[in-house]
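J.: have a look; sequence and predicted model below, questions after that.
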Amino acid sequence: MKVLIANDDGIFAPGIAALAEAFARAGHEVIVCAPDSQRSAASHALSIARRIPVRETALAGAARAYAIGGTPADCVKLGLNVLCPDAQAVVSGVNCGYNVGSDILYSGTVGAAMEGALCGRPALAVSQSHRRADYGEAAALAVRLFARMMDRPLAPYSVLNVNYPEADAFRGVAAARMGQLHYHECYAPEEDGETAYALNGKIDETKPQSEDYVKLAQGYATVTVLHFDMTDRAQTDEWTNGL
């Protein structure tokens, strides 16, 4: 199968290298379309009325690889429309850092996969703990779950979101719902001749956390099926009743 692989950490990040090699070893033809630099937390942003530079490069495992001066979603949209329109599926990652809970809304990794889904391709996003140095196990799990996804297709416009735990004692794969993540956050001022702030934060472990985050802390890899439609249908119907 011809697979378009993207990410948000940039084309030379170790996670995308591991993913490209793992899918190539599994017999897939890999085309990489990834940002030319770090684009974390880009969500599903697109570049509108702006030039998007493209440079062909080399990446182990990839039949072709493109470094693209745009967002993760740009990379997939441009890839499927111009650079590799015959790609049959989209895989994004392996991201450095979990994409779970409400953080999914900010994720460029998930945004790239969701663009693939919106373009009508089976799509998978894979991330792992930022404390893990090796990406091979997460990439291998992504290949295995991708094969299952091909055998048991998701509903249209859906994304399989996979996260691999920090723990060395891997306990298996668990289904998990996304939910609210709670942080200690602050905007720290930076003095460099102009008014500027930098966002800093860490998880607030004293508050209940998203189910997927809890499962990862227990040593499970988590799998969550996502969909772009965020409509709360029951509440919408109730609220608009009588308008």
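T.: Alright, I've got the coordinates. What you see is a predicted model, and the numbers here were worked out from it, not measured in a lab. Numbering: from 1, shown residues only.
J.: give me the buried positions along stretch 67-83.
T.: Buried residues in stretch 67-83, counted by 16 or more other CB atoms under 10 Å: 67-80, 83. Where you see a C-beta, it was placed from the backbone N, CA and C, and this is true even at glycine.
J.: what about it, average pLDDT?
T.: Here stretch 67-83 scores 98 as its mean pLDDT.
J.: what stretches of the protein score poorly on pLDDT?
T.: Within the chain, no stretch falls below the threshold (pLDDT under 70).
J.: helices of that one, residue ranges please.
T.: Assigned by DSSP state H, the helices in the chain fall at 14-25, 72-78, 108-118, 136-151, 211-217, 233-240.
J.: pull out the buried positions in the longest one.
T.: By neighbour count, and taking 16+ other CB under 10 Å as the criterion, the buried residues in helix 136-151 are 137-143, 145-146, 149.
J.: now, which of those residues sits nearest residue 220?
T.: Taking CB to CB as the measure, residue 220 lies nearest residue 141 of those, at 11.3 Å.
J.: next one: the closest one from residue 160, what distance?
T.: Residue 141 sits 11 Å away from residue 160, taking CB to CB, to the nearest Å as the criterion.
J.: what do you get for residue 119?
T.: Taking CB to CB, one finds residue 119 at 16 Å from residue 160.
J.: so between these two, which is more surrounded?
T.: Set residue 119 next to residue 160 and count neighbours by other CB atoms under 10 Å: residue 160 wins out with 22 against 18.
J.: show me what the residue nearest to the more buried one when sequence neighbours are not counted bridges to in the sheet.
T.: Distances taken as CB to CB, 6 or more residues apart in numbering place residue 124 nearest to residue 160, at 4.5 Å, with adjacent residues excluded. Counting by DSSP bridges, residue 124 forms beta bridges with residue 91, residue 160.
J.: what count of nearby residues applies to residue 124?
T.: 25.
J.: isn't it up against residue 142?
T.: Yes: using CB atoms under 8 Å, residue 124 is in contact with residue 142, at 6.4 Å.
J.: between the two, what contacts are shared?
T.: Common neighbours of residue 124 and residue 142 (criterion: CB atoms under 8 Å, 6 or more residues apart in numbering): 91, 162.
J.: with that, I have no additional questions.
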